[in-house]
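J.: sequence? don't have it. structure:
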Ligand code: GLY
Ligand code: MN
């Protein structure tokens with residue numbers, strides 16, 4: 001949590017941007033797993049954390065821009081609660097810590113909203129993603145849940161994105177802490193994975209490091225010998241000597257800032273010549289991206305530079321044919337890279353994704369529907385303060401290969417007989433976190449994750 005002034009300043013900037021109306025922020029609620037008292041680990045909404053910093057369920061906030069007031073709604077805990085939960089700060093203390101002077105009981109929020117509705121005041125809100133919060137909002141606004149989406153404030157979304165996407169120095173310092181723990185998670189996985197182990201044993205070690213740092217994981221760990229499945233959360237396979245293991249995992253620290261890294265390494269031995277060949281190509285994609293990073297270039301251009309490099313390399317290997325620009329324009333290279341180069345990162349691992357990729361990644365421009373390009377989450381011109389991932393990969397997805405081959409998709413560019421020789425290869429991804437500064441791009445974190453063939457081979461368990 002930052003000093004009260006940080007939150008006050010953020011709210012002031014938001015109010016100035018919007019100019020008038022009421023802004024309603026509903027914090028997240030506890031979410032039961034299997035009975036009411038047995039809840040999932042609580043995760044506060046990131047907009048709520050950004051403007052109000054209070055990491056506790058069931059709190060709402062209302063900013064009245066025209067009257068220049070800000071209110072928090074929530075209830076103090078009774079002695080019955082305290083017996084089970086231990087001493088808790090009073091709402092007034094929580095509010096003071098983030099620069100809010102006025103607190104009301106949670107039941108009073110409905111009166112404020114009813115009055116605002118009666119006087120036809122504009123109520124800005126963003127569409128919740130939590131069902132319980134959707135229900136609460138629909139009841140407050142006296143509107144069907146299905147109609148909430150059309151009432152969501154695009155003005156508010158744009159204002160939040162403009163603020164949250166430019167990270168301050170104090171935010172960068174938090175993100176670097178998260179990245180450092182994420183590096184520890186990856187190093188531990190490389191040192192842990194051995195033939196005969198379950199993938200789950202590696203995943204548990206990785207997750208344990210985030211927990212031991214009094215944090216959590218920033219998304220469910222991907223730890224698999226089947227790295228060709230982009231988001232593979234199955235951890236039940238036994239590792240064999242020589243398997244390629246893909247880990248995509250990051251830490252979320254106590255302040256909820258995130259890291260997100262990916263590594264790929266061989267189990268129990270050095271890379272085979274075949275693995276090394278594709279791994280080196282994936283590193284070339286990575287370095288191509290890094291070389292391009294600068295203020296003003298769009299991330300879409302960086303993505304395309306990577307796609308061209310990959311197409312060029314796959315052509316040299318005999319898997320693609322034809323003109324590289326034509327291959328990339330047709331998206332034939334997406335057989336090997338069906339996802340985008342990266343995404344913004346901050347209080348959410350895919351920062352602000354619930355506000356809509358069209359605003360977070362595209363400044364309101366329509367996203368492409370082309371296979372491959374449609375999965376590029378971030379395409380904007382890079383600005384100082386932007387924090388994002390660089391995560392090119394190379395995948396051989398047998399199901400996709402079979403489907404495209406059967407349907408003659410991109411027969412002009414794909415040499416199917418050569419692709420078949422690699423169908424069981426698996427997948428590779430390397431991911432790092434960068435920010436743009438006035439001085440240029442900077443890799444985040446004080447620790448560096450092993451990435452080159454020799455760095456990886458020096459650290460893996462053999
Ligand atoms: N690290 C998972 C993702 O970026 O989608
Ligand atoms: Mn990522």
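T.: Perfect, thanks for sending it. All values derive from a computational prediction rather than experimental measurement. Residues are numbered from 1 along each chain as shown. Ligands and ions are numbered 1, 2, ... in the order given.

J.: Could you use CA atoms for every contact and neighbour count after this?
T.: Fine.

J.: what sits up against the one helix or strand residue 114 maps to?
T.: In the assignment (DSSP states H and E), residue 114 maps to helix 109-118. Residues from elsewhere that reach helix 109-118, judged by Cα atoms under 8 Å, 6 or more residues apart in numbering: 60, 73, 122-123, 140-141.

J.: Show me how far it is from its chain's centre.
T.: 35 Å (Cα atoms, centre = their mean, to the nearest Å).

J.: Distance of the closest residue to residue 140 other than its chain neighbours relative to residue 65?
T.: With Cα to Cα, 6 or more residues apart in numbering as the criterion, residue 140 has its nearest non-adjacent residue at 5.7 Å, and that residue is residue 110. Distance, residue 110 to residue 65, by Cα to Cα, to the nearest Å: 18 Å.

J.: What ranges does the stretch 151-300 of the chain have for its helices?
T.: Remark: helices assigned in the stretch 151-300 of the chain by DSSP state H, counting those that start in this stretch are 154-164, 169-192, 199-212, 273-292, 299-316.

J.: ok so, going back, and the residue nearest to residue 140, how many neighbours does it have?
T.: 16 (other Cα atoms under 10 Å).

J.: just checking, residue 24 is part of a helix?
T.: No. Assignment of residue 24 by DSSP: H, G, I helix; E, B strand; the rest coil gives strand, placing it outside any helix.

J.: list the contacts for it?
T.: Applying Cα under 8 Å, 6+ apart, the residues contacting residue 24 are 60-63, 123-125.

J.: Please convert those to JSON lines, extending it with pLDDT.
T.: Shown next, in JSON lines, are these (pLDDT from 0 to 100):
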{"residue": "60", "pLDDT": "98"}
{"residue": "61", "pLDDT": "98"}
{"residue": "62", "pLDDT": "98"}
{"residue": "63", "pLDDT": "98"}
{"residue": "123", "pLDDT": "98"}
{"residue": "124", "pLDDT": "98"}
{"residue": "125", "pLDDT": "98"}
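
J.: Make a markdown table out of these and add distance to residue 368, neighbour count and secondary structure.
T.: Shown next, in a markdown table, are those (distance: Cα to Cα, whole Å; neighbours: other Cα atoms under 10 Å; DSSP: H, G, I helix; E, B strand; the rest coil):
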| residue | distance to residue 368 | neighbour count | secondary structure |
| --- | --- | --- | --- |
| 60 | 36 | 20 | strand |
| 61 | 36 | 23 | strand |
| 62 | 37 | 20 | strand |
| 63 | 36 | 22 | strand |
| 123 | 32 | 21 | strand |
| 124 | 29 | 21 | strand |
| 125 | 27 | 21 | coil |
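
J.: how much space is there between the spatially closest residue to residue 97 that is not a sequence neighbour and residue 99?
T.: Closest residue to residue 97 apart from its sequence neighbours, by Cα to Cα, 6+ apart: residue 4 at 5.5 Å. Taking Cα to Cα as the measure, residue 4 falls 5 Å from residue 99.

J.: Check residue 417 too.
T.: 65 Å.

J.: same thing with residue 245?
T.: 47 Å.

J.: More neighbours: which of the two?
T.: Between residue 245 and residue 99, counted using other Cα under 10 Å, the more crowded position is residue 245 (24 against 19).

J.: Which strand residues bridge that one?
T.: Beta-bridge partners for residue 245, by DSSP bridges, are residue 265.
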